[in-house]
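# sequence first, predicted model second:
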Amino acid sequence: MFVERAEIGESTNQERRDGSQSDTRVLGRVVQCDGARATLSAYAGDGTPATRGLWTVGRMVSINLGTIRTVGLVYRIETPVQTWTEDGINQINVHVELIGEVRDTEDGKPVFDRGITSYPHIGAIAHRIRSRDLEAVYDLSGRRALTVGTLSQDESIEARIAIDDTLNRHFAVVGTTGVGKSTAVSLLLRKAIAARPDLRVLILDPHNEFSSAFPEHAIRVNSHTLDLPFWLFRLEELVEVLYRGRDPIPEEVDLLRDLVPLAKQSYRTPSNGTLMRRSSDINGITADTPVPYRMADVIKTIDDRMGMLETKNDRPFYRSLRIRIEAAVSDPRYRFMFASRIIDDNIHETIGTIFRVPHQGKPITCFELAGLPSEVVNSVCSVLGRLAFDLAMNSHGRLKLLVLCEEAHRYMPADPRLGFAPTRHALSRIAKEGRKYGCFLGVVTQRPGELDPTVLSQCSTVFAMRLANELDQDIIRSAIADSSASTLTFLSSMGQREAIAFGEGVATTMRLKFEHQEKALLPGSGRPHDEDDFAAGDDGEVDIVTLVENLRSVGPHSAAHYPAEPDRFAAASRLGAPVDTYRQAGERSPASHGEPQPGDRPLRRRFDDESFRRLYE
């Protein structure tokens with residue numbers, strides 16, 4: 001071998017050696033090299049503290065080529081004879097992957113380059129990388145950087161990411177359940193809004209857990225406080241709500257495509273007779289145009305057409321469509337769409353609240369989806385994704401929006417036959433074109449193998465936490481672009497809060513451990529607003545009566561649900577009341593017609609209650 005047993009390490013100092021390092025660093029020598037990997041021959045030592053752990057998987061080594069040090073990552077270690085001598089020094093083979101090289105500049109500062117210009121020669125000396133070279137490997141070259149943790153190899157060195165490149169070119173956080181994805185995401189978001197005060201964040205939160213992680217930076221939008229008018233929905237999105245996720249009937253959809261523009265025109269010009277006019281005759285108004293209209297006008301037109309002789313063949317479809325509309329309007333679970341007190345062109349208020357314009361010191365919106373009916377979640381996400389892109393595009397880059405999709409495989413599945421096509425299209429549009437207009441996408445998933453590969457390929461920075469599924473690991477391996485693919489062999493065995501970061505947001509592939517966060521700032525830790533939702537008796541048992549009322553979505557609300565927010569309690573109380581079947585969706589209840597309610601906006605147009613009542617008689 002190249003190293004005598006009597007001399008385990010070097011006997012003289014090297015000029016680049018850090019003063020804290022030992023003079024007797026155990027050396028290895030290159031015995032094989034190809035274009036991407038090299039094999040080192042070395043000795044494992046005798047187990048003393050000076051030699052213990054010098055060659056371990058996951059460590060970086062430096063191969064000395066004079067003015068250049070080639071950097072390699074250890075991914076496999078073995079003994080040539082597959083035996084071990086307890087009292088002796090054992091020969092080992094160390095397999096490393098070449099990831100770049102470090103060279104000294106004129107001022108003596110080391111600089112890292114991902115490329116390999118000079119490959120190691122046979123017999124070249126290799127040893128553990130020194131701290132200065134390790135810092136150079138992960139240096140971001142002047143880009144605005146944020147510290148998110150420490151290196152797994154050396155906890156004295158900070159793990160830093162380029163925040164602008166991470167956001168502008170989208171990012172993904174993947175990992176199996178329980179490894180700390182949500183905690184890592186909350187840490188990244190907290191760092192991002194501190195570095196980018198102009199950033200607005202919309203979190204699609206299917207588990208209602210992120211609001212507790214940002215008590216001072218976020219607002220909470222849920223089924224009680226959401227006001228998303230039905231007329232903001234495009235035809236495909238409205239059909240998804242009316243048919244509750246089932247396949248729509250084409251004849252009914254065609255009728256609805258013709259009826260909705262007529263209702264919109266009737267809202268704008270109530271005096272015009274639009275009974276038999278077709279949507280093609282209406283100036284620029286289609287079923288997808290975000291213009292207010294009344295569902296009562298749609299139902300009235302259906303009833304009028306059902307009485308005409310020329311629509312005799314379509315009468316069953318009209319009747320079925322009317323039943324679907326009335327069922328959705330009277331369903332208390334759809335209050336956020338149909339229970340507005342007035343039909344008003346309030347799109348600016350809805351958008352301003354959801355997308356934080358102005359943000360008023362709270363740039364994050366936690367959009368809680370757990371309380372919404374499962375059959376409308378896809379439609380709601382489609383509306384939000386579409387509005388986010390349109391807002392950013394029309395602001396000409398002045399509005400910076402980050403849409404964070406938790407459990408993203410729900411909305412953008414790999415199988416095109418699954419999911420909801422408009423939702424997939426809206427979020428894919430952000431992934432493909434959003435960075436040009438200041439609309440960014442954050443993807444969080446535990447099953448990257450079930451995520452649309454087009455969306456994942458658009459995420460230029462990936463934080464891969466522990467993944468147990470082999471298919472998911474293969475997806476991540478195929479996404480890595482540089483020569484550090486062997487780093488991903490650790491995906492199935494990483495610890496809590498550990499991740500492998502690669503892509504545009506880091507200098508090179510990096511194994512890191514995220515910062516420790518206070519328990520009070522962990523997602524889902526406190527849930528202070530939800531404690532009262534689980535009513536319990538004096539003995540601590542769950543109140544089954546209250547649970548059933550919540551399932552029916554018609555249970556009475558009490559002020560105890562909103563102890564510090566009386567305005568929200570007032571709004572929730574109105575939303576929690578049973579729907580009046582004689583009242584147009586969007587109108588005040590008859591009991592409230594006498595005196596204006598607090599917070600009412602000026603009434604622009606209101607459907608006449610008497611005419612609407614006659615419609616049902």
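Looks like it came in fine. Numbers count the residues shown, from 1 in each chain.

# can we go C-alpha only for contacts and neighbour counts from here?
Noted.

# just the element for the nearest residue to Leu151 once chain neighbours are set aside, please.
With CA to CA, 6 or more residues apart in numbering as the criterion, Leu151 has its nearest non-adjacent residue at 4.4 Å, and that residue is Leu512. Using DSSP states H and E, Leu512 maps to strand 510-514.

# what pairs with that strand, and is each one parallel or antiparallel?
Paired with strand 510-514 in the same sheet, following DSSP bridges, are strand 145-151 (antiparallel), strand 498-503 (antiparallel).

# can you list contacts of it?
138, 148-153, 159, 184, 487, 497-502 (CA atoms under 8 Å, 6 or more residues apart in numbering).

# average model confidence for it?
Per-residue pLDDT over strand 510-514 has a mean of 90.

# bridged to the residue nearest to Leu151, which residues?
Leu151, Ala499.

# if any of the contacts of strand 510-514 are buried, put those into a PyMOL selection.
A single PyMOL command selects the buried members of those (16 or more other CA atoms under 10 Å):
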select buried, resi 138+148+149+150+151+152+159+184+487+497+498+499+500+501+502
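
# looking at the contacts of strand 510-514, which is nearest Ala218?
Ala184 (17.1 Å; CA to CA).

# okay, that closest one: pLDDT?
pLDDT at Ala184 comes out at 93.

# doesn't Ala499 make contact with it?
No. Using CA atoms under 8 Å as the test, Ala184 is too far from Ala499 to be in contact (9.3 Å).

# pLDDT weak spots in this protein?
By pLDDT under 70, the weakly predicted segments of the chain are 1-26, 45-53, 270-283, 340-346, 481-487, 525-540, 550-617.

# where is the longest helix in it?
The single longest helix within the chain, with elements called by DSSP state H, is helix 374-394.

# need the distance between the two termini of stretch 153-169.
Chord length of stretch 153-169, first to last residue, is 28 Å (CA to CA, to the nearest Å).

# touching it from outside, list them.
Outside stretch 153-169, the residues that touch it by CA under 8 Å, 6+ apart are 58-59, 135, 138, 140, 143-151, 192, 195, 402, 435, 438-442, 458-461, 504-507, 510-513.

# rerun at 6 Å
Residues outside stretch 153-169 that contact it (CA atoms under 6 Å, 6 or more residues apart in numbering): 144-151, 435, 460-461, 505-506.

# related to what we said a few turns ago, would you format the strands paired with strand 510-514 as JSON lines with distance to Ala213 included?
Output for those, formatted as JSON lines (distance: least, CA to CA, whole Å):
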{"stretch": "strand 145-151", "distance to Ala213": "16"}
{"stretch": "strand 498-503", "distance to Ala213": "20"}
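
# so for Tyr119, which of those sits nearest?
With CA to CA as the criterion, Tyr119 lies closest to strand 498-503 of the strands paired with strand 510-514, at 23.6 Å.

# from the chain's centroid, how far away is that closest one?
16 Å (CA atoms, centre = their mean, to the nearest Å).

# do stretch 500-515 as well
Distance, centroid of stretch 500-515 to centroid of chain: 18 Å (CA atoms, centre = their mean).

# now the end-to-end length of that stretch.
By CA to CA, the extent of stretch 500-515 from end to end equals 14 Å.

# do the same with stretch 54-68
22 Å.

# next: stretch 454-467.
In stretch 454-467, first residue to last residue: 20 Å (CA to CA).

# buried residues, stretch 139-158. List them.
Buried residues in stretch 139-158, counting neighbours by 16+ other CA under 10 Å, are found at Asp139, Leu140, Ala145, Leu146, Val148, Gly149, Thr150, Leu151, Ser152, Ile157, Glu158.
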